[in-house]
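[1] What shape does this take:
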Amino acid sequence: ATGSVQNADLGTNIVQVLLGVDTKVSAELYEGIPRTKEAFERKVNIRAPEQGGIYMIWKSLWERYTMEQALRDFSLGNQQVRPNLVWNDFVAWLVVEIE
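    Down below sits the predicted model:
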């Protein structure tokens, strides 16, 4: 996964970027203070859900003090997929076919 992140107005907020599959975190992509546009690249292995279906892969940006807080808040706030994610944070579709 590649991407970039930047604080608004060159601020000093600590930022975390997560990759989600459906309602679960699949990968932690970035954590830091991006004062200018900062690129990141991470090798990501996505574990396919066990049940067949179509799953949305999406990015989730947080401003928390720690990655643990971002992971907790992701879990609490994403009990179900929200339709507005398709327009704002969509990355790709994951199709799982069970034979």
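
[2] Strands of this protein, start to end?
    2-5, 15-21, 24-32, 38-41, 53-62, 90-96 (DSSP state E).

[3] could you say what helices and strands the fourth one packs with?
    Same thing as strand 38-41. Packing partners of strand 38-41 (3 or more CB pairs under 8 Å, 6 or more residues apart in numbering; DSSP states H and E): strand 2-5, strand 24-32. Where you see a C-beta, it was placed from the backbone N, CA and C, and this is true even at glycine.

[4] run the last query once more with 7 Å
    strand 2-5 (3 or more CB pairs under 7 Å, 6 or more residues apart in numbering; DSSP states H and E).

[5] thinking again about what came up before, of all the strands of the chain, which gets the most neighbours per residue?
    Highest mean neighbour count among these (mean count of other CB atoms under 10 Å): strand 15-21, with a mean of 21.

[6] what's the distance between it and the middle of its chain?
    2 Å (CA atoms, centre = their mean, to the nearest Å).

[7] ditto for stretch 40-48
    So, by CA atoms, centre = their mean, the centroid of stretch 40-48 is 11 Å from its chain's centroid.

[8] Same question for stretch 44-59.
    With CA atoms, centre = their mean, you get 12 Å for stretch 44-59.

[9] Let's test this: mean pLDDT of that stretch, rounded?
    The average pLDDT within stretch 44-59 is 91.

[10] Any chance of the strands of the chain in CSV with distance to L71 as columns?
    Converted to CSV, the strands of the chain look like this (distance: least, CB to CB, whole Å):
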stretch, distance to L71
strand 2-5, 17
strand 15-21, 7
strand 24-32, 6
strand 38-41, 17
strand 53-62, 9
strand 90-96, 18
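
[11] Those: which one's closest to N78?
    N78 sits nearest to strand 15-21 of all those, at 6.8 Å, using CB to CB.

[12] Direction included, what does the closest one pair up with?
    strand 24-32 (antiparallel), strand 53-62 (antiparallel) (DSSP bridges).
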